[in-house]
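> Give me the fold of what follows.
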Amino acid sequence: MKPSMIRPPSIMERRNLKAMTLREIERIINAKGVARYRASQFFRWLHYKGALSFDEMTDIPRALRDAMAEYGPITRLEIDKRLISKDGSIKYRFKTPAGDYIESVYIPEKNRQTICVSTQVGCKMGCDFCLTGKMGFKRNLGTDEIVDQVRAIAADLRAMEAERTGTPQKYRSPHKGLITNVVFMGMGEPLDNLGEVVRAVEILTHPEGYGFSHRHVTVSTVGLVPEMIKFIHEVNAKLAVSLNATTDEVRSKLMPINNKYPIQMLIDTTQQLPVKRGDRITIEYVVIRDVNDSVMDMKRMVRLVSTFPAKINLIPYNPNPYCPYEAPSKELMMKLLRILVDNNVTAIIRASKGQDVMGACGQLATIEEGKK
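Residues are numbered from 1 along each chain as shown. From the prediction side, this is the model:
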């Protein structure tokens with residue numbers, strides 16, 4: 001069948017091409033009698049090269065481009081604001097095609113460069129120490145909106161580099177040399193939007209997409225137990241579990257989800273996560289002054305993680321104007337770390353990045369929504 005004879009998609013078939021995995025695009029191409037390799041060309045243009053229009057796809061016949069354009073325009077996020085921290089981190093505020101605002105963060109470190117992406121506009125979980133939770137929930141982000149955070153940040157970093165060096169950029173979005181890791185730890189609960197996150201991870205880790213190593217993509221969760229089990233079977237990426245307390249009384253106050261999935265149920269599920277030899281399951285623990293920062297908390301933590309290989313990320317609480325909590329002292333953080341290490345638990349203190357631009361853990365929220 002010639003490209004010019006391809007029928008347009010039905011209403012039921014319509015799904016933004018940028019939100020499709022390569023396999024989904026291949027099914028469309030195959031059903032229309034077009035050579036299968038054309039799907040890879042579209043996929044590569046959309047993700048590796050960061051094309052913003054079908055006109056840029058010059059190695060694909062015009063008739064086929066026009067036919068595939070029937071699935072809708074190539075969506076993109078617009079940078080509404082860029083705030084550069086004194087530590088080099090950059091917080092991005094994006095406007096989505098639907099007119100919502102989301103935030104993402106670029107975090108440069110000595111041996112890695114990480115992008116923290118959002119998966120929802122707002123969040124349903126209502127964690128008491130998290131500014132995003134104060135926004136409430138508006139909607140899930142689509143796959144295209146999740147992966148485009150990576151494209152948009154990579155493109156902006158490349159553009160800034162080109163301006164600084166005077167060397168024109170070859171493509172809009174190749175991340176090689178700029179970004180090494182992607183973490184799903186921005187606005188929203190990733191496993192509450194599991195279907196779109198599954199697609200996003202597949203696109204980000206596909207060699208013809210963004211090509212990230214599965215080991216360099218991490219998805220965080222507050223502990224949605226049924227979705228964690230699905231994640232085990234559907235997603236080839238790391239999972240980080242946000243614990244933040246060692247008793248149900250405290251965790252239920254900080255994280256209402258604990259009333260549905262208490263600590264022991266969460267730990268029992270975490271034990272089921274597949275762990276490759278030498279790897280450890282990341283447990284995130286935001287340390288809040290006079291709330292969850294006692295010696296007994298750390299002793300309980302040692303017992304909780306004794307049955308599986310764990311790595312504890314101790315994260316000092318990052319204050320914001322809407323939550324009534326305070327950060328612990330550096331001395332206390334070191335004391336808590338020492339308790340874990342002395343009990344043969346792998347642990348680190350995760351340094352806060354971007355705090356001065358409200359880009360650190362727990363500080364992401366769009367301004368208008370955050371004031372509600």
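
> separation between Asp248 and Lys311?
Counting by C-beta to C-beta, to the nearest Å, the gap from Asp248 to Lys311 is 23 Å. Just so you know, the C-beta spots here come from the backbone N, C-alpha and C atoms, and that holds for glycine as well.

> higher neighbour count, the two?
Lys311 (16 against 13; other C-beta atoms under 10 Å).

> pLDDT score for the more buried one?
Reading off the per-residue confidence, Lys311 sits at a pLDDT of 96.

> hang on, it in a strand?
Yes: if the criterion is DSSP: H, G, I helix; E, B strand; the rest coil, then Lys311 is within a strand.

> which one is it nearest to, not counting chain neighbours?
Counting by C-beta to C-beta, 6 or more residues apart in numbering, the nearest residue to Lys311 once its immediate chain neighbours are dropped is Arg280, at 4.0 Å.

> State the distance from that neighbour to Val34.
As it turns out, when the distance is counted by C-beta to C-beta, Arg280 lies 46 Å from Val34.

> Tell me which of those two has more neighbours.
Taking other C-beta under 10 Å, Arg280 and Val34 do not tie; Val34 has more neighbours (20 against 16).

> so that one is in which element?
If you go by DSSP states H and E, Val34 is not part of any helix or strand.

> check contacts around the residue nearest to Ala237 when sequence neighbours are not counted.
Ranked by C-beta to C-beta, 6+ apart and with sequence neighbours excluded, the top spatial neighbour of Ala237 is Val217, at 4.3 Å. Contact criterion C-beta atoms under 8 Å, 6 or more residues apart in numbering gives 181-184, 201, 204-205, 237-238 as the residues in contact with Val217.

> can you list those residues in CSV and add secondary structure, distance to Met68 and neighbour count?
Below are the contacts of Val217 laid out as CSV (DSSP: H, G, I helix; E, B strand; the rest coil; distance: C-beta to C-beta, whole Å; neighbours: other C-beta atoms under 10 Å):
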residue, secondary structure, distance to Met68, neighbour count
Asn181, strand, 32, 18
Val182, strand, 27, 26
Val183, strand, 32, 20
Phe184, strand, 29, 27
Val201, helix, 24, 26
Leu204, helix, 22, 24
Thr205, helix, 23, 20
Ala237, coil, 28, 23
Lys238, strand, 34, 22
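
> Go through those and name the one nearest Asn193.
The shortest gap between Asn193 and any of the contacts of Val217 belongs to Phe184, at 9.5 Å (C-beta to C-beta).

> which one of the contacts of Val217 is nearest Phe54?
Using C-beta to C-beta, Leu204 is the member of those that sits closest to Phe54, with 22.4 Å.

> ok now the helix or strand encompassing Thr114, how far from the chain's centre?
Under the criterion of DSSP H and E, Thr114 resides in strand 113-116. How far strand 113-116 lies from its chain's middle: 9 Å, per C-alpha atoms, centre = their mean, to the nearest Å.

> What lies in contact with that strand?
Residues from elsewhere that reach strand 113-116 (C-beta under 8 Å, 6+ apart): 104-108, 149-150, 153, 178-183, 185-186.

> List the buried residues of it.
By 16 or more other C-beta atoms under 10 Å, the buried positions in strand 113-116 come out as 113-116.

> Could you measure from the residue nearest to Ala237 over to Gly50?
Val217 is 19 Å from Gly50, where distance means C-beta to C-beta.

> and if you look at Gly133?
Gly133 is 32 Å from Gly50, by C-beta to C-beta.

> What of Asn244?
Between Asn244 and Gly50 the distance, using C-beta to C-beta, works out to 36 Å.

> Report the residue ranges of every domain in this protein.
3-71, 78-370 (automatic domain parsing).

> and the ones you listed, which is most packed in?
Among those, the stretch with the highest mean neighbour count (mean count of other C-beta atoms under 10 Å) is domain 78-370, at a mean of 19.

> Look at Leu194 and give its secondary structure.
At Leu194 the chain is in helix, as set by three-state DSSP.

> mind listing what it touches?
For Leu194, counting by C-beta under 8 Å, 6+ apart, the contacting residues are 227, 230-231, 234.

> pLDDT value on it, please?
Turning to Leu194, the model gives it a pLDDT of 97.

> same thing with the one 5 residues further on?
We note a pLDDT of 95 for Arg199 in this prediction.

> What of Ala69?
Listed pLDDT for Ala69 reads 91.

> Give me the spatial nearest neighbour of it, chain neighbours excluded.
Phe54 (5.0 Å).

> correct me, but that neighbour touches Arg65?
Yes: A contact is recorded between Phe54 and Arg65 when judged using C-beta atoms under 8 Å, the distance being 4.4 Å.

> can you list residues touching both of these two?
For the pair Phe54 and Arg65, no residue contacts each of them under the criterion C-beta under 8 Å, 6+ apart.

> tell me the contacts of Phe231?
Phe231 sits next to 191, 194, 219, 221, 239 when contact means C-beta under 8 Å, 6+ apart.

> where does it sit relative to Val225, distance-wise?
Summarising the geometry, the distance separating Phe231 from Val225, computed by C-beta to C-beta, is 10 Å.

> Look up phi and psi at the residue nearest to Ala237.
Backbone torsions of Val217, given as degrees, to the nearest 10, read phi -120, psi 120.

> Is it bridged to anything, and to what?
Val182 (DSSP bridges).

> Against Met187, how distant is Phe137?
Using C-beta to C-beta, one gets 10 Å for the distance from Phe137 to Met187.

> Identify the contacts common to the two.
Residues touching both Phe137 and Met187 by C-beta under 8 Å, 6+ apart: 120-123.

> and which of those residues is nearest Met296?
Distances from those to Met296 were compared by C-beta to C-beta; the smallest belongs to Cys123, at 29.8 Å.

> Alright, that wraps it up for me.
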